[in-house]
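the following block contains a protein sequence and its predicted model.
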Amino acid sequence: MQVNNVTEALSVSPQITPQDVTKIRDAGFRAIICNRPDAEGADQPNFEEIETAAKAAGIEAHYLPVTSGMVQDSDAAAFGQALMELPGPVLAYCRTGTRSATLWSLTEAKRRPLSEILAATKAAGFDMTGVARRIVNGGKTPTASGDAAFDIVIVGGGAGGIAVAASLKSRKPDLEIALIDPTDIHYYQPGWTMVGGGIFEPAETAKTMGSLIPRGVHWIKSAVAAFEPQDNAVILDGCRVVKYDRLVVCPGLKLDWSAIDGLEDTLGRNGVTSNYRYDLAPYTWQLVQSVKAGRAIFTQPPMPIKCAGAPQKALYLSADHWCRNGALGSIDIHFCNAGGVLFGVKDYVPALQSYMDKYNASLDFFHNLVAVDGPARLATFEVKKPDRDPERVTMKFDMLHVCPPQTAPDFIRVSPLADASGWVDVDQATLRHKRHDNIWSLGDVMNAPNAKTAAAARKQAPVVADNLVADLEGRAAVAQYDGYGSCPLTVERGKIVLAEFGYGGVMKPSFPKFVVDGTKPSRLAWLLKEKMLPPIYWKAMLRGHEWLARPEKITAAG
């Protein structure tokens with residue numbers, strides 16, 4: 001836990017955990033302010049967890065959430081009011097601490113000289129120059145000039161962002177590239193299914209961001225607040241401005257836990273878990289081992305979601321464990337899917353259905369989870385079957401594995417880059433923005449109709465790199481993305497149905513059928529998932545080595 005002292009009465013810090021609260025109290029703090037909205041990040045504890053720990057420690061906790069980069073005057077006023085009412089000293093936190101420092105700066109703007117505000121925040125490790133410009137500019141951030149400028153700016157340090165940075169550097173090492181991402185840890189999210197199944201340890205799925213960003217790429221450790229494409233500018237949290245010649249947008253998507261009533265209050269306890277969060281995947285495995293009888297429910301929300309097979313992967317690995325320890329006959333398994341099919345590519349459905357039959361799992365289609373009562377262990381679904389009136393159904397559970405609804409991040413949805421549904425609007429072949437020709441996008445945030453998987457980003461990164469370099473050289477697009485996505489469906493411990501497909505559900509196998517038949521469960525595919533894919537991810541994809549990922553070239557006729 002890093003604490004940055006701004007004044008004697010206020011310190012700010014990055015995201016804290018419930019385990020930090022005792023240390024915060026022992027350091028002399030008497031109150032905590034949370035400036036980070038719940039469900040902003042995949043590994044983020046929610047405010048209720050912090051508040052519970054604070055009450056136990058005998059200090060106050062106050063929730064004042066502010067969307068990254070969208071600090072309003074009213075937020076600053078509320079922050080100032082909280083500082084007056086709460087016992088001090090106070091620790092305020094958000095994802096990096098920048099929002100909290102910004103709120104304090106705006107709160108103090110009428111009481112302290114600007115130089116004093118900038119000196120205090122600088123000593124605490126925060127550059128509030130952009131806030132100063134906002135104050136003098138009538139509350140707006142001027143974008144005609146920037147604090148920094150680069151040939152290429154990449155927004156997002158996930159699988160797509162680091163892979164495309166590495167691919168660009170391997171093609172043109174002299175490019176001045178900046179990667180913008182506020183997080184310290186990069187996660188191999190496909191591994192969380194295996195953590196929830198007791199196969200991987202959580203630590204195997206995480207590495208420090210600094211160890212992965214390619215050499216020569218500038219890391220700007222900040223959140224993005226807004227885009228000004230007409231000025232080729234990205235506005236950062238704290239109102240700094242970064243200018244670009246070309247922009248790549250790949251910040252991933254937002255897990256919208258709050259869309260399900262009561263869910264945030266019970267995650268990680270009362271039998272409610274999710275492999276979609278780093279800190280909860282171990283709880284999945286804990287529940288799987290402890291449940292001996294009763295009902296286990298696995299949910300899937302409406303599309304789009306990342307890794308559309310992940311909700312049922314959790315079911316298969318759980319059921320396989322219960323099968324092996326003799327408990328399966330005593331557990332009533334339900335797969336509650338908001339959609340109407342088991343899997344979107346029909347070629348793989350027979351094999352998957354055979355495992356649902358083997359585990360005697362009920363398939364509850366058109367069931368969308370809308371509310372959870374953790375203490376009562378009740379899950380409520382909105383059921384919208386074709387040609388029937390919608391109804392609500394409540395089911396008792398002993399274990400509930402939730403896949404949350406998913407949307408584009410807020411700063412994307414409200415930006416000029418988004419389509420009507422909030423996703424970055426690209427040409428599905430070249431991945432170039434449809435309206436801004438010096439912008440590209442890849443990964444989960446863009447609107448091409450492909451499966452949102454790490455395997456898709458692995459194929460997309462070289463396409464973006466090739467086309468961006470061609471543009472730098474004054475040439476037309478040279479590479480096209482065919483919609484490839486891969487979903488290794490872990491149907492039992494030791495066997496996988498390796499689903500690989502492109503646009504329109506067309507099968508796109510990487511191996512000859514005699515090596516791996518993706519429509520059937522395979523031990524070789526399990527070996528690929530368990531032993532080969534993690535090093536391919538860490539040591540090939542994120543380093544610009546494009547094994548089995550060379551882009552398809554655009555022919556003259558195409």
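Thanks, I have it. Numbering: from 1, shown residues only.

got a pLDDT number for L106?
Note for L106: predicted pLDDT of 88.

one more: L548?
With respect to pLDDT, L548 has a value of 69.

please apply the same query to P113.
Looking at P113, its pLDDT reads 77.

quick check: it vs D127, distance?
According to C-beta to C-beta, to the nearest Å, P113 and D127 sit 18 Å apart. In this view, the C-beta of every residue, glycine as well, is placed from N, C-alpha and C.

neighbour count for these two, which is higher?
Neighbours were counted for P113 and for D127 using other C-beta atoms under 10 Å; D127 has more, 18 against 10.

so that one: helix, strand or coil?
Secondary structure, DSSP: H, G, I helix; E, B strand; the rest coil: D127 is coil.

just Q428 next, same as before
Per three-state DSSP, Q428 ends up coil.

and the closest residue to it other than its chain neighbours, what is it in contact with?
Among residues not flanking Q428 along the chain, A448 sits closest, at 4.0 Å (C-beta to C-beta, 6 or more residues apart in numbering). For A448, the contacting residues are 426, 428, 431, 481, 483, by C-beta atoms under 8 Å, 6 or more residues apart in numbering.

looking at neighbours, which among the residues you listed is most surrounded?
For those, counting by other C-beta under 10 Å, the largest number of neighbours falls to L431: 28 neighbours.

okay, and the beta partners of D364?
Beta-bridge pairing of D364, defined through DSSP bridges, involves C336.

wait, what's in contact with it?
Per C-beta under 8 Å, 6+ apart, neighbours of D364: 334-337, 381.

verify the stated contact: A525 with E500.
No - the pair A525 / E500 is not scored as a contact, 10.1 Å apart, by C-beta atoms under 8 Å.

which neighbours do those two share?
With C-beta under 8 Å, 6+ apart, A525 and E500 have common neighbours G518.

can you pick out the residue with more neighbours from these two?
Between A525 and E500, counted using other C-beta under 10 Å, A525 has the larger neighbour count: 24 against 21.

how about the secondary structure of the more buried one?
Per three-state DSSP, A525 ends up helix.

now do the contacts for it.
488, 495-498, 516, 518.

could you dump these into CSV and include neighbour count?
Listed next are these as CSV, based on neighbours: other C-beta atoms under 10 Å:
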residue, neighbour count
P488, 25
K495, 19
I496, 25
V497, 26
L498, 24
V516, 20
G518, 27
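
nearest to D419, of those?
Using C-beta to C-beta, P488 comes nearest to D419 of those, at 29.9 Å.

assign the closest one to helix, strand or coil.
With three-state DSSP as the basis, P488 sits in strand.

show me what it is bridged to.
Under the criterion used (DSSP bridges), P488 bridges to L498.

my read: M395 touches A379, true?
Yes - counting by C-beta under 8 Å, M395 touches A379, with 5.2 Å between them.

low-confidence regions, the stretch 451-558 of the chain specifically.
548, 556-558 (pLDDT under 70).

straight-line length of stretch 81-96, end to end?
22 Å (C-alpha to C-alpha, to the nearest Å).

which parts of the stretch 301-450 of the chain are helices?
All helices of the stretch 301-450 of the chain, identified by DSSP state H, counting those that start in this stretch, fall at 310-324, 349-358, 410-413.

just give me the neighbour total for the closest residue in space to H436 that isn't next to it in sequence.
Distance criterion C-beta to C-beta, 6+ apart; nearest residue to H436, sequence neighbours excluded, is P229 at 4.7 Å. Using other C-beta under 10 Å, P229 has 17 other residues around it.

same thing with R413?
17.

do I have it right that it meets A420?
No - the criterion here is C-beta under 8 Å, and R413 misses it with A420 at 10.3 Å.

what's the first helix or strand after the helix or strand where E49 lies?
Taking DSSP states H and E as the criterion, E49 maps to helix 47-57. Counting by DSSP H and E, the next helix or strand C-terminal to helix 47-57 is strand 60-63.

what packs against that following strand?
If you count contacts as 3 or more C-beta pairs under 8 Å, 6 or more residues apart in numbering; DSSP states H and E, strand 60-63 packs onto strand 31-34, helix 47-57.

closest to V241 out of the ones you listed?
strand 31-34 (27.4 Å).

got the contact list for the residue nearest to H436?
Neighbours of P229 in contact, by C-beta under 8 Å, 6+ apart: 247, 416-417, 436, 439.

in those residues, which has the lowest confidence score?
P416 (89).

neighbours of that residue, how many?
P416: 14 neighbours (other C-beta under 10 Å).

tell me the spacing between the closest residue to it other than its chain neighbours and E264.
The spatially closest residue to P416, leaving aside those adjacent along the chain, is P229, at 5.6 Å (C-beta to C-beta, 6+ apart). Separation of P229 from E264 (C-beta to C-beta) stands at 34 Å.

list the buried residues of stretch 172-184.
175, 177-183 (16 or more other C-beta atoms under 10 Å).

stretch 41-56 too?
41-42, 44-51, 53-54.

could you tell me the end-to-end distance of stretch 206-224?
Across stretch 206-224, first to last residue, C-alpha to C-alpha, it's 23 Å.

what about it, distance to the chain center?
Distance of stretch 206-224 from its chain centroid, counting by C-alpha atoms, centre = their mean, to the nearest Å, is 16 Å.

repeat for stretch 545-558
28 Å.

give the buried residues for that stretch.
Buried, per 16+ other C-beta under 10 Å, within stretch 545-558: 546, 549, 551, 554.

out of those residues, who's nearest V463?
Checking these against V463 with C-beta to C-beta, the nearest one is P551 at 4.4 Å.

now stretch 169-184: mean pLDDT?
Across stretch 169-184, pLDDT averages out at 95.

no wait, stretch 219-228
Per-residue scores along stretch 219-228 average to 88.

now do the same end-to-end measure for that stretch.
Across stretch 219-228, first to last residue, C-alpha to C-alpha, it's 20 Å.

same check, this time on stretch 302-318
OK, stretch 302-318 end separation, C-alpha to C-alpha: 23 Å.

quick check: chain neighbours aside, which residue is closest to Q480?
The nearest residue in space to Q480 (C-beta to C-beta, 6+ apart) is A429, at 4.1 Å.

mind listing what T98 touches?
126, 182, 222-223, 237-238.

can you rerun that using 10 Å?
Going by C-beta atoms under 10 Å, 6 or more residues apart in numbering, T98 touches 12, 14, 35, 68-69, 71, 121, 125-128, 130-131, 182, 221-223, 225, 236-240.

show me which of those residues are buried.
Here, 16+ other C-beta under 10 Å leaves 12, 14, 35, 68-69, 71, 121, 126-128, 130-131, 182, 221-223, 225, 236-240 buried among the contacts of T98.

which ones among those map onto strands?
12, 225, 236 (DSSP state E).

excluding chain neighbours, what is closest to G544?
A166 (3.3 Å).

give the residue spans of the protein that score low on pLDDT.
In the chain, residues with pLDDT under 70: 69, 133-145, 548, 556-558.

residues contacting R543?
By C-beta under 10 Å, 6+ apart, the neighbours of R543 are 162-163, 166-167, 169-170, 212, 214.

can I get the buried part of those residues as one PyMOL selection?
The buried residues among the contacts of R543 can be selected in PyMOL (16+ other C-beta under 10 Å) with this line:
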select buried, resi 162+163+166+167+169+212+214
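
how about the contacts of R543, which pair is most distant?
S170 and L212 (14.9 Å).

could you pull out the helices for the stretch 1-150 of the chain?
21-26, 47-57, 73-85, 98-108, 114-123, 129-136.

so can I have JSON lines of those helices showing distance to G191?
Below are the helices of the stretch 1-150 of the chain laid out as JSON lines (distance: least, C-beta to C-beta, whole Å):
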{"stretch": "helix 21-26", "distance to G191": "29"}
{"stretch": "helix 47-57", "distance to G191": "24"}
{"stretch": "helix 73-85", "distance to G191": "37"}
{"stretch": "helix 98-108", "distance to G191": "29"}
{"stretch": "helix 114-123", "distance to G191": "38"}
{"stretch": "helix 129-136", "distance to G191": "37"}
